[in-house]
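> No sequence on hand, only this structure:
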């Protein structure tokens, strides 16, 4: 039988779905339809449920049965992947727990996409019990004794049976089979707050016995559970009739109740029981002992005991309200007659443990996620980084989470771009918080934050729980390379240079990381007369080092300067770039000869001209720049008969 229920704790969170599953169902059993439940819970349109995707969030450290289930991604069907045994998933409580919860619940977390519409949904699978275990006794036989002087109503305690089933399937009743005219049973229960399975069973004498007439009786004790159909277990009981001691110790109260606070020191006395015996001598001297605690043998682990001689109830271990709020002790008072003749009296002692604020709130990442989170810089304000779960094991106000805050782990007063946003919760002793961004993050300003999450409870002396969350800001390509010299670069190189001559080194820096911050260089030079015509053959640049070299031998007389653009680009795709203007001036050297305007000159000279007379003019030009273009004139050969030439 499979049933489903859904609920939510408010408009902002706490949604859950509940399914019921009978134990021992085979693998592949469909537990429930999450798609249908989520559609009803969130009131989705019919077509929307066809677009949902489901993912079971598995915590490898949990051992509560979650590994026995799986969710189909597209259909949302929750199915078993192995047989579910309720007694294995929810084993019986420890001997020191006075109450047992009949519900066996496996908590699952399912991530439902789209996350912005649904998010994480809590699924509660209630494993319903099947009556598949017989009651059993720890031994198949037991022997008890009654003195022949015992009166009607004298009791002796019998071993009890154990049933691993839960609820009614684990509730036991006892009877003698066949019934006896001499003995019957008395069953003592600790009350409504104590599980029926922890009852004490006593064999009660209905009439007198005479050892000389019959020294022993054989009985069969049968334990029957309340299942339908019921199951039984039995034990053979031998009753031996002994002689002598004819009075049993009697307590001065039918039931004792004491109250103490948790965390009492070992050795603290919280009360006293007292019994008297009407006999004389050793038969009247009473010794005390605890025979049962919360329905189980006390062993050596119980936090409470009774002093053998005084009857004082003493703390001998840790009293923890969160572990057990009430202890029910069965205390026996025995006289000191010979063992075979010894008589007993019994009483129940109930110890109520009061809660103290001794548990600080426990702050953990929800679902066991790591306490190191990563977020991309420039993420939108309000981005959720991490879900936190806060739980306080105390009760009442001491167990309520008052508030949580986030601070810098190293500087409590530093302003942070983060805050905690509380989600609605069904339980006051627990809370869920989202760690969200309050400002746009810039990795180049701060690439890592160490956050201290502190939560305080509402106790009179409040306690604080803390955890540290490391936030790593991931890089986004949001910075272009920046040249170290952002102004136009003017350089000079003498003409006639050798190929690959060094011209300059340009450098640009990109503060991004990895490929986003890896810079490469390129250069483009332009023709003076047409900007669209590149002169890329003049200079080249090493794309890694930024070293600029000459690709050709320059000639100033051909071209005196070049305008170039150096571009720096990062390695991201698409990349971000920046550029700088580079002007190269070609420096002059004296590499040009003076050239006459004409290849030859003819002059006519009249005879008898006086010395110094101008015969004619010649002119030569030099393409170099001053001072290399100043021309001097002279006549070749310096012949004495040659007329002078003036510059």
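On my side now, so go ahead. Keep in mind that what you see is a predicted model, and the values were worked out from it rather than measured.

> Find the nearest non-adjacent residue to residue 507, please.
residue 484 (4.8 Å; CB to CB, 6 or more residues apart in numbering). (Glycine included, C-beta is placed from N, CA and C.)

> Show me the helices in the protein, by range?
Along the chain, counting by DSSP state H, helices occupy 34-42, 86-89.

> if I look at the closest residue to residue 104 other than its chain neighbours, how far off is residue 466?
Nearest in space to residue 104, with sequence neighbours left out and distances taken as CB to CB, 6+ apart, is residue 90 at 3.6 Å. As judged by CB to CB, to the nearest Å, residue 90 and residue 466 stand 32 Å apart.

> the more surrounded of those two?
residue 90 (21 against 15; other CB atoms under 10 Å).

> what's the more buried one sitting at in phi/psi?
phi -120, psi 80 (degrees, to the nearest 10).

> Run a quick check on it versus residue 127, I expect a contact.
Yes: at 6.9 Å, residue 90 and residue 127 qualify as touching, with contact defined as CB atoms under 8 Å.

> Now do the residue nearest to residue 507: how many residues are near it, please.
Residue 484 has 10 nearby residues by other CB under 10 Å.

> can you check residue 145 too?
Neighbourhood size, residue 145 [other CB under 10 Å]: 17.

> The one 5 residues further on now?
As a burial measure, residue 150 scores 21 neighbours (other CB under 10 Å).

> And for residue 26?
Residue 26 - counted by other CB under 10 Å - has 9 other residues nearby.

> coming back round to it: to residue 55, which of the helices of the chain lies closest?
For residue 55, the closest of the helices of the chain is helix 34-42, at 10.8 Å, according to CB to CB.

> In terms of secondary structure, what does the closest one contact?
strand 4-7, strand 16-22, strand 77-80, strand 105-113, strand 119-128 (3 or more CB pairs under 8 Å, 6 or more residues apart in numbering; DSSP states H and E).

> which non-adjacent residue is nearest residue 17?
residue 37 is the one closest to residue 17 (CB to CB, 6+ apart), at 4.5 Å.

> same thing with residue 166?
In space, residue 166 is closest to residue 129, 4.4 Å off (CB to CB, 6+ apart).

> Is it correct that that neighbour is in contact with residue 84?
No: between residue 129 and residue 84 there is no contact under CB under 8 Å: 11.3 Å.

> Touching both of those two, which residues are there?
Common contacts of residue 129 and residue 84, defined by CB atoms under 8 Å, 6 or more residues apart in numbering, comprise residue 23.

> in the stretch 501-647 of the chain, which segments are predicted with low confidence?
527-536, 590-592, 622-624, 629, 637-647 (pLDDT under 70).

> Minimum distance to residue 630: which of the helices of the chain has it?
That would be helix 34-42 among the helices of the chain, by CB to CB, at 94.8 Å.

> tell me which residues in the closest one are buried?
By 16 or more other CB atoms under 10 Å, the buried positions in helix 34-42 come out as 34-39, 41-42.

> Next: stretch 109-117.
Across stretch 109-117, burial judged by 16+ other CB under 10 Å covers 109-112.

> Point to the helix or strand of this structure where mean pLDDT is at its lowest.
strand 4-7 (a mean of 51; mean pLDDT, DSSP states H and E).

> List the contacts of residue 441.
Residue 441 neighbours (CB under 8 Å, 6+ apart): 375, 377-379, 417, 473.

> wait, isn't residue 77 in contact with residue 71?
Yes: the pair residue 77 and residue 71 qualifies as a contact (CB under 8 Å) at a distance of 7.2 Å.

> can you list residues touching both of the two?
residue 34.

> Compare neighbour counts for these two and give me the winner.
It is residue 71, of residue 77 and residue 71, that has more neighbours when counted by other CB under 10 Å, with 23 against 17.

> you'd agree that one is up against residue 32?
No: using CB under 8 Å, residue 71 makes no contact with residue 32, being 9.9 Å away.

> Would you mind grabbing the residues shared as contacts by these two?
Common neighbours of residue 71 and residue 32 (CB under 8 Å, 6+ apart) are 77-78.

> re earlier: look at the residue nearest to residue 17 and report its pLDDT.
Looking at residue 37, its pLDDT reads 86.

> I'd assumed residue 31 was in contact with it.
No: the criterion here is CB under 8 Å, and residue 37 misses it with residue 31 at 10.9 Å.

> Please determine how far the residue nearest to residue 80 when sequence neighbours are not counted is located from residue 20.
Leaving out its chain neighbours, the residue that sits closest to residue 80 by CB to CB, 6+ apart is residue 29, at 4.7 Å. Residue 29 sits at a distance of 12 Å from residue 20 (criterion: CB to CB).

> Residue 353 now?
Counting by CB to CB, the gap from residue 353 to residue 20 is 33 Å.

> More neighbours: these two, which one.
Ranked by neighbour count (other CB under 10 Å), residue 353 and residue 20 place residue 353 first, with 25 against 16.
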